[in-house]
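Colleague: The following comprises the amino acid sequence and a computationally predicted model.
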Amino acid sequence: MSAGKTIAYIASGILIFFGILFVWGAFSPEGTPSWIIIGLISMIGGFALIWFIGKRAKREAEKLQIIQKIELSGDINLETLTCRQCGGVLSSDNIKMMAGAPVVTCPYCNASYQLTEEPKW
């Protein structure tokens, strides 16, 4: 949160607090009816400030764009996935999750088997 937002939230809290005090004080023996007007204006100003901060934050959030980049440590060779039975090239469309395990079905020979990940070392 930026310093400007923090200051604005503190200012709106102070406006609302003193607005409530003015409205409450208007009903005391020393209070005057004009304190109600002052209190209401103060509270409206505080809530308007909170609304303005929220509107501005929403506009800034809409402009936010997250870009994720992956840097690899060296030359990377991608391996193609081939069928164990016939050697046909498989794509990610041939892999489906069944009972919590990835199962591949070959479109050429219709062989179906569970994928296992071999250790890299």
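Modeller: Here it is on my side, so go on. Numbers count the residues shown, from 1 in each chain.

Colleague: From now on I want contacts and neighbour counts done on CA atoms only, so please keep to that.
Modeller: Noted.

Colleague: got a list of what the residue lying farthest from the centre of the chain touches?
Modeller: Distance from the C-alpha centroid of the chain, by C-alpha atoms, centre = their mean, peaks at Pro29 (51.0 Å). Counting by C-alpha atoms under 8 Å, 6 or more residues apart in numbering, Pro29 touches no other residue.

Colleague: for it, helix, strand, or coil?
Modeller: coil (DSSP: H, G, I helix; E, B strand; the rest coil).

Colleague: So what does it have for phi and psi?
Modeller: phi -60, psi -30 (degrees, to the nearest 10).

Colleague: so what pLDDT did it get?
Modeller: For Pro29, the pLDDT comes out at 90.

Colleague: what's the answer for Trp121, then?
Modeller: pLDDT, Trp121: 63.

Colleague: what's the single longest helix in this protein?
Modeller: helix 34-63 (DSSP state H).

Colleague: list the buried ones in it?
Modeller: Across helix 34-63, burial judged by 16 or more other C-alpha atoms under 10 Å covers 35-36, 38-40, 42-47, 49-50, 53.

Colleague: ditto for stretch 9-16
Modeller: Those would be Tyr9, Ala11, Ser12, Gly13, Leu15, Ile16, for stretch 9-16 by 16+ other C-alpha under 10 Å.

Colleague: Just name the closest of these to Asn94, please.
Modeller: Tyr9 (53.7 Å; C-alpha to C-alpha).

Colleague: Which helix or strand contains the closest one?
Modeller: helix 3-25 (DSSP states H and E).
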